[in-house]
Every structure is written in C-alpha cells, then in structure tokens.
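Structure of the sequence below:
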Amino acid sequence: MEQPEPGPGLDSADLDRPSPARIYDYLLGGAHNFASDRSAGERAAATMPTLVPAIRANRGFLRRVVVRLAGQHGITQFLDLGSGIPTVGNVHEIAQNQNRDSRVLYVDIDPVAVAHARHILSDTPLAETIQCDFRDPESVLGHPTLTRLLDLDRPVAVLMNAVLHFVPDEQNPGGIVGGYLEHLVPGSYLAISHAAPDPDHPREQEAMVADYRRTTGAEFINRSAETIAGWLHGLDIEPPGIVPVNEWHPDRTAEPILRTYGVLARKP
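Residues are numbered from 1 along each chain as shown. As a prediction, this is how the structure comes out:
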C-alpha cells in the first residue's frame, strides 16, 4: 500500500500518532495512511470483527443519503463535516452524478486529509475543502470559502458522518448540532451517523475503544438512539427513523455490524 508523502505542517509526531481519519481510510482500503494508523486499525479490527463491516456500511449509508438528497429532494449544496481522507465515492462525485450543479464543501481538522482533498479537488470547481474544527460552527459557517461556495439563504445538507462520537459530553455535541441548524433555512437537511453501544460484543467493544483512545489521544463515545434523537428536536425525521446504518433504505441484505446508527432529518 502506498504511503503518502508528509506534507507541509506534518512532523514526526503526526506520523507516529494514529489519526482517526487515517485509520478510517486504512480500514476502507485507502492508501492515505501511515504505519501507526495501520497498526491501530489492525488491532481494532482483530478485537472487534464486526468493525470493518460497520465502517463499510457507514460509507454505504452516506452514499444512499447523498443520492436521496440530490436525486429525490433536489438538494444541490452539501457541507461535509469531519470529511476525513478522500476515498472512492466522495460526496461531490455522488451528488454531481445526480445533479452536475451540486456544490460540496469538505471540512476536516486533519492536515493530511485536507492536503489530499485539495489535490483531488484541484480540477473540481464546485467542490472545495477547508481545514477547520467542525466543533466551532461559527468559524466554519463564517469561513470565506464557505460563504463563496455555498448560499446559506438556500437549503443545505449538513453531513455529520461518524464524527460526533469523537466529541465528549462536556463539549456539548447537541449544542454543536444546534449551532449549525440555527443557520439553516427551512428545507435544509441534517444527516448523522454515530457509533452506539453494541449489545452483542460489549467486552470487545470496550477493549477496542480503550486502545483507540490510548493510541490516538482522541475521545470516542458510544451513544444511544435516544441521545441522538434529543439533538434533532424540531426537525422532521425521515423514515425509517434512527436505525442501524445498514438498515437505512438498504440496497443489499444487511450483514452483522458493530452497532452504528444513522438518521436523516429535515428542517421544516
């Protein structure tokens, strides 16, 4: 597997400490990761055999959400928060396949993710990326690239795909969600996927999360469907509601996965 060249702003600490975005990329079969990321990902997958199917199912959920939004609901503006390392089937590819005028802004805090995204998007005028902390809605929404690319006076789809489980309770994930929702016009959408307590493998999940926290230095919180529902107050939740990601309008038979919830909701 090809290893990416260190880019500007990357030092040895960046390479030695696994990154959530790069671990995710590795487990999806991507090439933009380092030895530390691969080691952490392999340990996680060995501890929890349903992890990799869950990651793939989560990616499938994102694809089906974007197809539905761009193809059926006429959404042409997407804000992908915590977008991670670019891989096959990015949001702009999916959305623009449905409507060539779709605009996509990717947001990530990882410099490797942003550097690779900028390279991939260099010839794509309606998709851009910024390095920003999605936990600060005001900074993201006020960023000059966002205000140039997206029109907040028209509906926008905010995608929070597998990012909120990195936000501890004391950082108020519900408040972060609300910080975006209050700036969206009616007819906008919010999609969330989020890791959840797994009733089938609780000990394995606990061990995997403990190792993940230790090696990455990142928090990781599994949350219930009820907690996620509390962040969606005042929104119209699209059928089938808050369900495992592989059960959200599935296009194939669901296989066992590490419990991960997905939901799409509309601002009335």
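
Leu152 - how many residues pack around it?
By other Cβ atoms under 10 Å, 15 other residues sit near Leu152. Bear in mind the C-beta positions are built from the backbone N, C-alpha and C, glycine included.

Skipping its backbone neighbours, what lies nearest it in space?
Nearest residue to Leu152 in three dimensions, chain neighbours excluded: His183, at 6.0 Å (Cβ to Cβ, 6 or more residues apart in numbering).

Could you tell me whether the one you found really is in a strand?
No. Judged by DSSP: H, G, I helix; E, B strand; the rest coil, His183 forms no part of a strand; its state is coil.

ok, now which ones touch it?
Pro137, Leu141, Leu152 (Cβ atoms under 8 Å, 6 or more residues apart in numbering).

same deal with His143?
Ile130, Cys132.

distance of it from Ile130?
Per Cβ to Cβ, to the nearest Å, His143 is found 5 Å from Ile130.

same thing with Val158?
For Val158, the distance to Ile130 (Cβ to Cβ) stands at 15 Å.

So for those two, which sits in the more crowded spot?
Set side by side, Val158 and Ile130 show more neighbours around Val158, with 23 against 20, by other Cβ under 10 Å.

and that one, which of the three is it?
Applying three-state DSSP: Val158 is strand.

quick one, what contacts it?
Val158 sits next to Leu79, Leu81, Tyr180, Leu181, Leu184, Ser188, Tyr189, Leu190, Ala191 when contact means Cβ under 8 Å, 6+ apart.

Reformat those into JSON lines and put secondary structure and pLDDT next to each item.
Converted to JSON lines, the contacts of Val158 look like this (DSSP: H, G, I helix; E, B strand; the rest coil; pLDDT from 0 to 100):
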{"residue": "Leu79", "secondary structure": "strand", "pLDDT": "98"}
{"residue": "Leu81", "secondary structure": "strand", "pLDDT": "98"}
{"residue": "Tyr180", "secondary structure": "helix", "pLDDT": "98"}
{"residue": "Leu181", "secondary structure": "helix", "pLDDT": "98"}
{"residue": "Leu184", "secondary structure": "coil", "pLDDT": "97"}
{"residue": "Ser188", "secondary structure": "coil", "pLDDT": "98"}
{"residue": "Tyr189", "secondary structure": "strand", "pLDDT": "98"}
{"residue": "Leu190", "secondary structure": "strand", "pLDDT": "98"}
{"residue": "Ala191", "secondary structure": "strand", "pLDDT": "98"}
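
and which of the residues you listed is nearest to Glu42?
Glu42 has its nearest neighbour among these in Leu81, at 27.4 Å by Cβ to Cβ.

which residue sits closest to the closest one, ignoring its sequence neighbours?
Using Cβ to Cβ, 6+ apart, the closest residue to Leu81 is Phe134 (4.0 Å).

Surely the one you found is in a strand?
No. Read with three-state DSSP, Phe134 is coil and lies in no strand.

Just to check, it is in contact with Val107?
Yes. In this structure, Phe134 is within contact of Val107 by Cβ atoms under 8 Å, at 5.4 Å.

what residues do the two have in common as contacts?
Common neighbours of Phe134 and Val107, counting by Cβ under 8 Å, 6+ apart, are Leu81, Gly82, Val140.

quick one: low-confidence ranges for the stretch 51-200 of the chain?
Filtered on pLDDT under 70, the stretch 51-200 of the chain yields the residue ranges 88.

if we go to 80?
By pLDDT under 80, the weakly predicted segments of the stretch 51-200 of the chain are 86-89.

Could I get the full set of strands for it?
77-81, 103-108, 127-131, 157-161, 189-195 (DSSP state E, counting those that start in this stretch).

what lines up beside the fourth one in the sheet?
As defined by DSSP bridges, the strand partners of strand 157-161 come to strand 77-81 (parallel), strand 189-195 (parallel).

just the second one next, same as before
Strand 103-108 has the following strand partners under DSSP bridges: strand 77-81 (parallel), strand 127-131 (parallel).

Quick one: residues in contact with that strand.
21, 76-84, 90-92, 95, 114, 117, 121, 126-132, 134, 140, 145-146, 149-150.
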